[in-house]
Each structure stands twice: as C-alpha cells, then as structure tokens.
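*Asks:* structure for the following, please:
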Amino acid sequence: PPPRKDHRDTGEGGRRDLRKALGANAAVMVDGIPDLVDLLGEQPPPPELPPAASLNRLQLAFHQFMSVFAAEEHPMVLFLDDLQWADSASLSFIDSLTSGPEVLHLLLLGAFRDNEVGPAHPLTVMLHELRKAEAPVHELHLEPLPGDALNRMVADVLRREYDDCWGLSQLLLARTGGNPFFLVEFLKSLHSSKLLEFCESGKRWEWSLDSIRTLGLPENVVELMVGKIKRLDRATQQALQVAACIGSRFELQLLALVTVRA
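*Replies:* The predicted structure follows:
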C-alpha cells in the first residue's frame, strides 16, 4: 500500500500543502499569525477590503488552513474552553467552521458554564441554529466527581495505589464537593503547606492524614482562595482589587494605567 501521508509534516511537504490550500490567502494567514512566515515565507500585505468582505476572506483563509490538518486519514480535534465568554463575532466564526464545506473530519469540542448561559446568550442561539440545520450537536452535562472517581484522580495525580488514597480522597471530597478544579487547588494548597511532599528515597508522594486534620483545611474553596490572596504582598492585593473593578477581562496596560492613577 502507498505510504500514509502525515498532514502534521512541517517540512517541504507541509509547506507545499499549506501553500496549495491557501493560494492567494496565504498573506491573510501570515497577517493574522505572523509565525507562519517560517512555513509560508514573506508575504505581501493582503489587499484592503470592506469590513464584511474582509471577515469573509479571513474565514475562508482559516477554513483552507484547517483543511490541511483535518483530513480523512488524520482527523482533527479542536477544543475551545470558556465559550460562555465568547462574543457574537467569535461564535459566528465557530459556526462557519461547522457548516463550511472546506473543513471536514473535524471534531469541535466546546466547554462552557451553563449557569452563565441563558436563553438569549449568543452561544445558546448558535447551538439552536445548528440543531435546526440538523448538525450533529451533542451536549454533555458534567456532574461533580463521585467518591470513587475522585479517588482514582487523586491516585493518578499522586502516582499511588488506588487503596492508598482513600483517606485523603474522602477528606478532599468533603471540602471540594467533587469539583475537579477545586480538588487540584486543594492539592496545591497541601503541597505549599508541606502537608503533601515528594519522598525522594521512596520516589512517591507522601502525606500524613493526622497532620492534615490537625492543621486543618479550609472548609471550602472560597476560604482557600481568600487565604491564597491574603498571602500575597500588599501591592499585588491592591492590583487585584483594581482588576476586579475593571471586570473579568482586561489588558495589562489598562490595569497599569488605572493602578497608577488610583
């Protein structure tokens, strides 16, 4: 049989595939992702277009770019996190990926906090339209980890036997409610407090449940995060207070400007 073509090749074959797929739109991709100049070479600036036409050209160029990597012999998985914060323009771009004929063999995974996404949210609207178009959309609601699964996660993280971790896992389950993110934060807290340490001689992580119970863990993740903030120096705490007033997303330059004026 002929040798299988690897679409991840970044040698001459990869360059040739990209140049062929992008054609005149190579300049558009280099303009948006400057590092691509190493693969595509220097490109002249793309011609100026009206905003709507420019957006359409960018979407087409990105579809052509993705088609090189998402192939029948090499499917591609693209994971996008925090879609609850995506704006309408970004979601429109994602929507075009699912409906455009250029990109096949692509599995698009998106994660979002459903408590932050209401009926009128742009993401809800996009998912509704995809279903109307009979696109294969599947939703999975992630529940907190039960005790057994949480213990398996702890055992995997600490490279210990499953049965070794039950006591620690039960303690962490009571504090985290089975939330994987909270679990990781509590493990970090134990490590920073030297209640969870790596034993060089035994080449494994070790802990003392008695010491953990004696020194105590925060009752919940809110107390844990507040404690971490209180350990920061005063200037950093003040910067965090200003950042909280700006919002969940901001540019560092804006934070620096507001902090100086404050």
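*Asks:* distance check, the residue nearest in space to the middle of the chain against residue 129.
*Replies:* Central residue of the chain (CA atoms, centre = their mean): residue 81, 4.2 Å from the mean position. Between residue 81 and residue 129 the computed distance is 22 Å (CB to CB, to the nearest Å). Every C-beta, even on glycine, is put in place using the N, C-alpha and C of the backbone.
*Asks:* what's the answer for residue 75, then?
*Replies:* To residue 129, residue 75 is 24 Å away according to CB to CB.
*Asks:* now do residue 138
*Replies:* From residue 138 to residue 129 the distance is 16 Å (CB to CB).
*Asks:* of these two, which one has the most company?
*Replies:* residue 129 (12 against 5; other CB atoms under 10 Å).
*Asks:* assign the more buried one to helix, strand or coil.
*Replies:* helix (DSSP: H, G, I helix; E, B strand; the rest coil).
*Asks:* just give the closest residue to it, not the sequence neighbours.
*Replies:* Spatial nearest neighbour of residue 129, excluding adjacent residues (CB to CB, 6 or more residues apart in numbering): residue 95 at 7.3 Å.
*Asks:* residue 126 is in contact with the one you found, correct?
*Replies:* Yes. Counting by CB atoms under 8 Å, residue 95 sits close enough to residue 126 to count as a contact (5.4 Å).
*Asks:* kindly export the one helix or strand residue 187 maps to (C-alpha atoms) in PDB.
*Replies:* Remark: residue 187 resides in helix 180-192, with elements defined by DSSP states H and E. What follows is helix 180-192, C-alpha atoms only, in PDB (Å, rounded to 0.1, in the frame of the first residue of the first chain):
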ATOM      1  CA  PRO A 180     -12.100  18.600  39.900                       C
ATOM      2  CA  PHE A 181     -10.800  22.200  39.700                       C
ATOM      3  CA  PHE A 182     -11.300  22.600  43.500                       C
ATOM      4  CA  LEU A 183      -9.600  19.300  44.000                       C
ATOM      5  CA  VAL A 184      -6.400  20.400  42.200                       C
ATOM      6  CA  GLU A 185      -6.400  23.700  44.100                       C
ATOM      7  CA  PHE A 186      -6.600  21.900  47.500                       C
ATOM      8  CA  LEU A 187      -3.800  19.500  46.500                       C
ATOM      9  CA  LYS A 188      -1.700  22.600  45.600                       C
ATOM     10  CA  SER A 189      -2.500  24.100  49.000                       C
ATOM     11  CA  LEU A 190      -1.400  20.900  50.800                       C
ATOM     12  CA  HIS A 191       1.800  20.900  48.900                       C
ATOM     13  CA  SER A 192       2.600  24.600  49.500                       C
END
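*Asks:* which parts of that helix are buried?
*Replies:* 182, 183, 185, 186, 187, 189, 190 (16 or more other CB atoms under 10 Å).
*Asks:* repeat for stretch 97-106
*Replies:* So, applying 16+ other CB under 10 Å, buried residues of stretch 97-106: 97, 100, 102, 103, 106.
*Asks:* ditto for stretch 46-59
*Replies:* Buried-residue list, stretch 46-59, by 16+ other CB under 10 Å: 46, 57, 58, 59.
*Asks:* tell me the SS of residue 143?
*Replies:* coil.
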